[in-house]
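# quick one, what's the 3D model for this:
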Amino acid sequence: MWLPFRILVMCLVFGSVALSWPQASTIARLPRASRAEIVARAHAIANHGWTCSSSNLNASCSRKYRSDWKAGQRVTGIPYRWGGSDTPELFDKKLAQGLAAGAHSQYGILSCAAGIDCSGFVTQAWGLPAGHAYSTSNLRQIAGKPKYNWYTDMKPGDALNLPGSHVVLFTGYNPDGTINICEASGSKGRVVCHSATWSRFVKYIPLQYKGIDE
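Sure, this is the predicted structure:
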């Protein structure tokens with residue numbers, strides 16, 4: 001009578017431990033980053049300057065593609081590309097190869113375009129390499145939900161995430177009650193850092209990168 005019960009208990013216990021190992025292994029492999037390093041990387045991406053050439057106005061793999069830019073236009077901030085996670089160096093390389101500068105979600109994930117999207121930007125600021133498998137839908141695997149009061153106790157390098165929609169990087173509070181964020185903005189077509197009101201983030205969830213070095 002007791003043997004099957006003991007076997008069941010052992011399966012449940014060791015099964016739960018086994019299930020936790022992959023997650024622990026993932027966290028252990030995460031790049032470590034200080035908050036200062038995260039913010040510095042975010043600002044470097046937002047301040048990255050580039051010039052759009054005529055070859056960057058068209059996407060060879062999409063007939064529907066329309067560019068946000070003009071030939072010869074000087075732009076600050078890596079352009080928004082849905083599904084993208086290009087580093088500044090990789091973006092410059094792709095731009096020189098004639099790939100399209102940025103692309104929005106209505107065009108799908110374009111291999112013939114260069115740039116970065118919201119989750120690609122935040123994870124790159126955290127120190128993850130290009131080409132990882134994390135999006136707004138599964139960031140919780142590498143970023144936990146802190147128990148602090150996020151209206152007063154967030155720290156630079158934390159994020160505000162709306163799963164399946166958008167994520168931004170928090171960089172600080174302002175005396176007037178607004179906050180400072182950096183984001184790969186589809187509406188602005190590029191990575192920008194600016195102030196924002198809390199009303200925009202009513203449905204968002206605060207996240208703290210699990211590879212943070214406090």
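# what about stretch 73-85, start to end distance?
22 Å (C-alpha to C-alpha, to the nearest Å).
# actually stretch 157-170, not the one I wrote
End-to-end distance of stretch 157-170: 6 Å, with C-alpha to C-alpha as the criterion.
# list the buried residues in stretch 141-155.
Neighbour counts over stretch 141-155 (16 or more other C-beta atoms under 10 Å) mark 142, 143, 150, 154 as buried. All C-beta spots, glycine's among them, are computed from the backbone N, C-alpha and C.
# equivalent analysis for stretch 202-209, please.
Residues of stretch 202-209 classed as buried by neighbour count (16+ other C-beta under 10 Å): 204, 205, 206, 207, 208, 209.
# list just the nearest of those residues to residue 96.
Nearest to residue 96, judged by C-beta to C-beta, of the buried residues of stretch 202-209 is residue 209 at 31.7 Å.
# on that earlier part again, how about the buried residues of stretch 141-155, which pair is most distant?
Maximum pairwise distance among the buried residues of stretch 141-155 (C-beta to C-beta): 18.6 Å, between 142 and 150.
# about what we covered before: which of the buried residues of stretch 141-155 sits closest to residue 124?
Using C-beta to C-beta, these come closest to residue 124 at residue 142, 12.7 Å.
# for that closest one, which non-adjacent residue is spatially closest?
Nearest-residue entry for residue 142: residue 210, 5.5 Å, with adjacent residues in sequence omitted and distances by C-beta to C-beta, 6 or more residues apart in numbering.
# what do you get for residue 88?
Excluding the flanking residues, the one nearest residue 88 by C-beta to C-beta, 6+ apart is residue 48, at 4.7 Å.
# looking at the buried residues of stretch 202-209, which are in strands?
For these, the ones inside strands are 205, 206, 207, 208, 209, with DSSP state E as the criterion.
# residues in contact with stretch 47-66: which ones?
Stretch 47-66 has contacts (C-beta atoms under 8 Å, 6 or more residues apart in numbering) with 67, 69-78, 88, 91-92, 95, 98-101, 103, 106-108, 110-114, 191.
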